[in-house]
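this one's sequence-less:
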C-alpha cells in the first residue's frame, strides 16, 4: 500500500504555497513558519465553538489542538522515516446538526482536508456522518457517545469513547453497591436529544436490571425549565436521581434542586460533571454530584508522544489552565490514532480520494495503547467502529475536584452517601 510522494511537481508547489498562505491555524499551533513547499497533513475539526454547547465544544478543540501542537513540536507526523507537519482547519457547527453538516462539507470540498476530527455532540456527529460517507473522508470522533452513532454502522467514522449504553447502566450498579443504607428507588431525567436520551435510557435499564424501583422517567426539552420536573420528582423522594444531559442542563438541574431545597441521597449525571465549567459555575453546590468517566489521570497508560496519563494531564493544564476531563483526553488520543494510521499507510500527503479510503482502512485496523488507554475499534455489531475498550469509573465532585469513588479497585476516596442537606 506504500507509495512515495516525496518529489514535488510545479503544480504541487503552487498548491502548497496557497495552502500555507491560507491555512487557518488555531490555538497557537506552530504552523506559520512552515516552508511553503513542505507537504502537510490537513485535518478538519467540526465542533461547537458557539451556541448552547460551547463549553464542551471548546474542550474538544483543546484536545485536538494539544495533539497537533505537541506532534508539530516534534516536526509533525512520521511517514516513511520523515516528519510532516499538521495543519488544522475549523468548522463551527454552532451547536446545530445542519450547520455542522454544512461546515464538514466546506472543509472537505473547500479546504481539501485529508481527515476530520469529529463534533462534541452526538447529534451533530450523526449529521456529519453522511457527509463523510458521501466524500469518503475518514473522521475520528473524540466525543460522540450515543449508541445510535454506531448502530448506523458508519464506514468512515470512528469513536474513541465507549457508547453510553455501555457505561450508564454499569455506573448505577456501582453506585448502588456503594450506597449504605442500600438505595432502592430512582428517578431518571433525560434531555430530549440523542446522547442525553440514550444516557437516561441506559440509567433506567441499569436500574431495572439490578432491581431498583424506577419512580419516574421524565424527558425535558433541551432548553426547558428544570424546575417543574424537579418539583415533581421531589414529591416522589427517590434515593437516586439520575440525569442524562450536557453541561448546561446538568448545571440547571443542580440550581433547580437547590432552589426547591431538594437533595436526593445521590445525584448522578453523565457527561458534563467532569468538565471544569460544572464545578466553576456551581461552586460548592457541585460537591457530592456523581458522574461517569472513562479516563482519569491516574490510569496506568502511556505512549511515546504524551508520556503517562499524569504527564498528559499536566501538559493540558500548563497549556490551557485547567485539568482535562475524559473527553478532552479522548480528543487528544484521536490524534494519536490518526498519526499511527498515517504512519502505517506510508503515503505522503496531500491524499487522493483513493488514499483517503486507504486511510479509513488503516484507522479501522488500529490496535494501540495510548495515555488514554487501549484503542481498538469494533468490526461488527451495534458498536461498529466504536472503541469500547475503556471501563467506566464512578466519580464524585469533592471540594471542586473530580475524584474516583468506585468500583473499589479504582477508588481514590470514599463515596459520599447519603448527600447532606443543602447548606
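Perfect, I can see it now. Nothing here was measured: the structure is a model prediction, and the numbers come from that model.

End to end on stretch 344-358, go ahead and measure it.
Terminal residues of stretch 344-358 lie 10 Å apart, using Cα to Cα, to the nearest Å.

helices or strands next to the host helix or strand of residue 218 in the packing?
Using DSSP states H and E, the element containing residue 218 is strand 213-220. The criterion is 3 or more Cβ pairs under 8 Å, 6 or more residues apart in numbering; DSSP states H and E, and the helices and strands that strand 213-220 contacts are strand 185-191, helix 194-209, helix 227-236. Just so you know, the C-beta spots here come from the backbone N, C-alpha and C atoms, and that holds for glycine as well.

Would you mind finding the most buried of these?
The highest average neighbour count among the helices and strands packed on strand 213-220, using mean count of other Cβ atoms under 10 Å, belongs to strand 185-191 at a mean of 25.

Who are the packing partners of that one?
Applying 3+ Cβ pairs under 8 Å, 6+ apart, we find strand 185-191 packed against helix 194-209, strand 213-220, helix 227-236, strand 240-244.

tell me the contacts of residue 59?
Shown in contact with residue 59 (Cβ atoms under 8 Å, 6 or more residues apart in numbering): 120, 275, 324-325, 327-328, 331.

go again using 7 Å as the cut-off
Contacts for residue 59 (Cβ atoms under 7 Å, 6 or more residues apart in numbering) come out as 275, 325, 327-328.

how about these in TSV, adding neighbour count, secondary structure and distance to residue 59?
Formatted as TSV, the contacts of residue 59 follow (neighbours: other Cβ atoms under 10 Å; DSSP: H, G, I helix; E, B strand; the rest coil; distance: Cβ to Cβ, whole Å):
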residue	neighbour count	secondary structure	distance to residue 59
275	25	coil	6
325	27	coil	7
327	27	helix	6
328	30	helix	5
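
Including distance to residue 339, could these go into CSV?
As requested, the contacts of residue 59 are exported to CSV (distance: Cβ to Cβ, whole Å):
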residue, distance to residue 339
275, 26
325, 22
327, 19
328, 18
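
now the strand holding residue 218, how far from the centre of its chain.
Centroid separation between strand 213-220 and its chain, computed with Cα atoms, centre = their mean, to the nearest Å, is 26 Å.

for stretch 182-202, same thing?
19 Å.

Find the residue at the geometric middle of this structure.
Against the mean C-alpha coordinate of the chain, by Cα atoms, centre = their mean, the closest residue is residue 143 at 2.1 Å.

what comes up buried for the helix or strand that contains residue 358?
According to DSSP H and E, residue 358 maps onto helix 353-364. Burial within helix 353-364, assessed by neighbour count using 16 or more other Cβ atoms under 10 Å, is assigned to 355-360, 362-364.
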